[in-house]
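Novice: What follows is a predicted structure for the sequence shown.
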Amino acid sequence: MIFRSKIKWAALGGLILSIVSLVVHLFLAKYSTVDLVHSATFSVFPDDLSVGVGPVLGYKKLWANVEFLQSLQPYSNSRTSFPEPVRGNGFIYAKIFGGFEKIRNSIADLVAVARLLNATLVIPEIQESLQSKGISSKYSSFSYIYNEEQFLAALKNDVKIVKTLPPKLKEARKKKQFPIFKPKRSASPSYYTSEVLPVLKKAKVVGFVLSDGGCLQDALLPSLAEYQRLRCRAAYHALRFRAEILALGHEIVKRLRASGQPYLAYHPGLVRDALAYHGCAELFQDVHSELIQSRRGQLIKQRSIREALSVDSHARKLNGSCPLMPEEVGLLLRAMGYPPLTRIYIAGSEIFGGQRLLVPLRAMYTNLVDRTSLCNKQELLNLFGPEKSLEDDFLDSLPSKSPQLSKEEWDKAGPRPRPLPPPPDRPIYRHEKQGWYGWIAEKDVEPDPSPAELRNRAHRLLWAALDYIVSVEADAFFPGFHNDGSGWPDFSNLVMGHRLYEVASLRTYRPDRKYLAELFNSSSDNRYHPKRSWISSVREHLNKSIGEEGLERELRLSKPGSFLSYPIPECSCRTSNSAEILGSIYGDVDECPKWMEKGLKVDTVLSVSESQDDDDAELDKQMEPDDDSSTQTKPSLDQDEEMDPDD
């Protein structure tokens, strides 16, 4: 009896505890303000909760600045007589088509062209936002991304800039009374002085339509170095993002650096246009390959490409013309010694192929984040401002044939015997039509963008602006597809140029994709268990890429096609005692003025060569065989104890 009584009391106690637990859960669910859709938003990184984690994950040399570049300082002020603008020859206005990279590069070119023509520049119109439907009326055109007042103030001594044309000229523009030019990105200064300037003096107003990501050739004569510095002042000082974007971008950086940890920014560069231009369709699967080929066909019709539609993507990959895939980047970072808890920020408003491509990288690095995981829904919505709702017109059902039309087609089918009529068209369900690529299931011709897609393109400008801020301020930056040779500005090149200008010594990797493709091809059978020589080759190459060898390669390949990707030596200066440190590569860099040198403080950090020696020493230590083993062990990239530099 006593035993049964104890069982009853225990059961009663368990029932009471269950009821109390249920009440508590219901209470918390009712009064919780957490948005379930964004429940995955990072509030704290796992390593923040770890005991004994120091201020830097892994070796300090993995985050150390490049010592020999610390004497380079940003200095884009004019060196010679560059008088303030006077009453000009007229007005120039411009419509800019394209994404974030083309917009930023085109605006910097326009400022230089306005100075060259001695013209008053009307603040450019960004068509990506003007064409969008339902976006907030609070922000439009230029102000959708950038701060207009800062743009006017920063360039007031260089170019006369106004927000709009005078009323009379504005009315004449609506009537299309002014000549329009569509300059190429490689347009020379002589094109403007000989062809545009006479028309400008006569008409007093000319318009530009820019769609190639610029309107002035990147390589200018040494006598036009002041125009290159003007480009730098426009890109790095005048083009400041509006306050809401800056605040959220700096908040993301703050969250990434919580508890004093550094972070690495990685831009995959998986953009449909670039993939189509180089013929990298076979690197993807299913619908993505078809979409790339469809876009490549469009570029061929536009004569942007003068090649065949179908090419060998694997041969292009070995040639370095295709991007490094996220899986390959993860293997490279592990070979360098970055531990699994390294914080990696994924930049890029578009990752063609979707999140599935990031699965291998996420398996290697658990702290892989982007703006959606570091910001809640409301923070991102605040960037848009109040927007109108759009109807889901792209979800409308497909038009069906009428019975009369079907009968007429049957009667015209020809003599009997006839085959059985085809079955009715399969209905296209709602979930199949969602997404910008839903058209490929219905037709061969890409349709015009829907209102929702146009607005998404405007939103992508904001996402790219956030990623740009986070990438420029990152402790290390790794590009997946920079200097692709397409002739268009790309995100990674602009970030790398800004970092080289702002803080030249920041750790910026400049990998040679052709060399790395050969390395991966040689280790295809044991990619996740590479040999010691493979890891040593990766470390040697990437360490050299952040130093003089990588800079010389960028100077040779990037600068002729994109000045803002390599604004040295025109837009920098060096301290007076650094001529020998910099070497021959920066022999043309001017010395910094005395007033700058007084405020400069150069910190002592590990040099690239020292880092390389430490890497080799640690690699030798890792490769030493055990006492009871007669063979040398192979390092495994999926074993943390072998790749963790602290062990």
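Specialist: Here it is on my side, so go on. Numbering: from 1, shown residues only.
Novice: which SS class is Gly213?
Specialist: coil (DSSP: H, G, I helix; E, B strand; the rest coil).
Novice: tell me the mean pLDDT for stretch 338-345?
Specialist: On average, the pLDDT along stretch 338-345 is 93.
Novice: number of nearby residues for the closest residue to Ile107 other than its chain neighbours?
Specialist: Residue nearest to Ile107 in three dimensions, not counting chain neighbours: Pro124, with 5.7 Å by C-beta to C-beta, 6 or more residues apart in numbering. The C-beta positions use only the backbone N, C-alpha and C, and glycine is treated the same way. Neighbour count for Pro124, taken as other C-beta atoms under 10 Å: 23.
Novice: I'd say Pro124 and Phe142 touch.
Specialist: Yes: look at Pro124 against Phe142 with C-beta atoms under 8 Å: they come within range, at 6.1 Å.
Novice: what about the strands in the stretch 51-200 of the chain?
Specialist: For the stretch 51-200 of the chain, strands defined by DSSP state E, counting those that start in this stretch occupy the ranges 72-74, 91-96, 120-122, 125-126, 161-162, 180-181.
Novice: So for the fourth one, mean pLDDT?
Specialist: Strand 125-126 shows a mean pLDDT of 94 in the predicted model.
Novice: before we move on, what about the third one?
Specialist: Regarding strand 120-122, the rounded mean pLDDT is 95.
Novice: so how far is it from its chain's centroid?
Specialist: Centre-to-centre, strand 120-122 and its host chain are 29 Å apart (C-alpha atoms, centre = their mean, to the nearest Å).
Novice: by contact count, what packs against that strand?
Specialist: strand 91-96, helix 100-117, strand 161-162 (3 or more C-beta pairs under 8 Å, 6 or more residues apart in numbering; DSSP states H and E).
Novice: same check, this time on the second one
Specialist: Contacts of strand 91-96 with other secondary structure elements, assessed using 3+ C-beta pairs under 8 Å, 6+ apart, are made with helix 100-117, strand 120-122, strand 125-126, strand 205-210.
Novice: nearest to His278, of the ones you listed?
Specialist: Nearest to His278 among the helices and strands packed on strand 91-96 is helix 100-117; the distance by C-beta to C-beta comes to 16.4 Å.
Novice: quick one, the closest one and strand 205-210 angle?
Specialist: On the basis of axes from the mean of the first three to the mean of the last three C-alpha atoms, to 10 degrees, helix 100-117 is oriented at 150 degrees to strand 205-210.
Novice: Helix 100-117 versus strand 91-96: what angle between them?
Specialist: With the same axes, to 10 degrees as the basis, helix 100-117 and strand 91-96 are set at 160 degrees to each other.
Novice: thinking again about what came up before, most neighbours per residue, which of the helices and strands packed on strand 91-96?
Specialist: Comparing these by mean neighbour count (mean count of other C-beta atoms under 10 Å), helix 100-117 ranks first with a mean of 25.
Novice: how far is that one from where the chain is centred?
Specialist: Relative to its chain's centre, helix 100-117 lies at 20 Å (C-alpha atoms, centre = their mean).
Novice: centre of the chain versus stretch 74-81, how much separation?
Specialist: Chain-centre distance of stretch 74-81: 29 Å, with C-alpha atoms, centre = their mean.
Novice: pLDDT on it, on average?
Specialist: 88.
Novice: Dump it to PDB, restricted to CA.
Specialist: C-alpha atoms of stretch 74-81 as PDB (Å, rounded to 0.1, in the frame of the first residue of the first chain):
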ATOM      1  CA  PRO A  74      45.300  58.100 -49.100                       C
ATOM      2  CA  TYR A  75      46.000  61.500 -50.700                       C
ATOM      3  CA  SER A  76      43.800  62.400 -53.700                       C
ATOM      4  CA  ASN A  77      44.200  66.200 -53.300                       C
ATOM      5  CA  SER A  78      45.400  68.000 -56.400                       C
ATOM      6  CA  ARG A  79      49.100  68.400 -56.700                       C
ATOM      7  CA  THR A  80      49.200  71.200 -59.300                       C
ATOM      8  CA  SER A  81      47.200  74.300 -60.000                       C
END
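Novice: For it, which outside residues touch it?
Specialist: By C-beta atoms under 8 Å, 6 or more residues apart in numbering, the surrounding residues in contact with stretch 74-81 are 225-226, 229, 232-233, 236-237, 501-502, 567, 570-573, 590, 592-593, 596.
Novice: Just the buried positions in that stretch, please.
Specialist: Pro74, Tyr75, Ser76 (16 or more other C-beta atoms under 10 Å).
Novice: quick check, nearest of the residues you listed to Thr120?
Specialist: Nearest to Thr120 among the buried residues of stretch 74-81 is Ser76, at 22.3 Å by C-beta to C-beta.
Novice: How much space separates the residue nearest to that closest one when sequence neighbours are not counted from Ile96?
Specialist: Nearest residue to Ser76, sequence neighbours excluded (C-beta to C-beta, 6+ apart): Cys232, at 3.8 Å. Per C-beta to C-beta, to the nearest Å, Cys232 is found 19 Å from Ile96.
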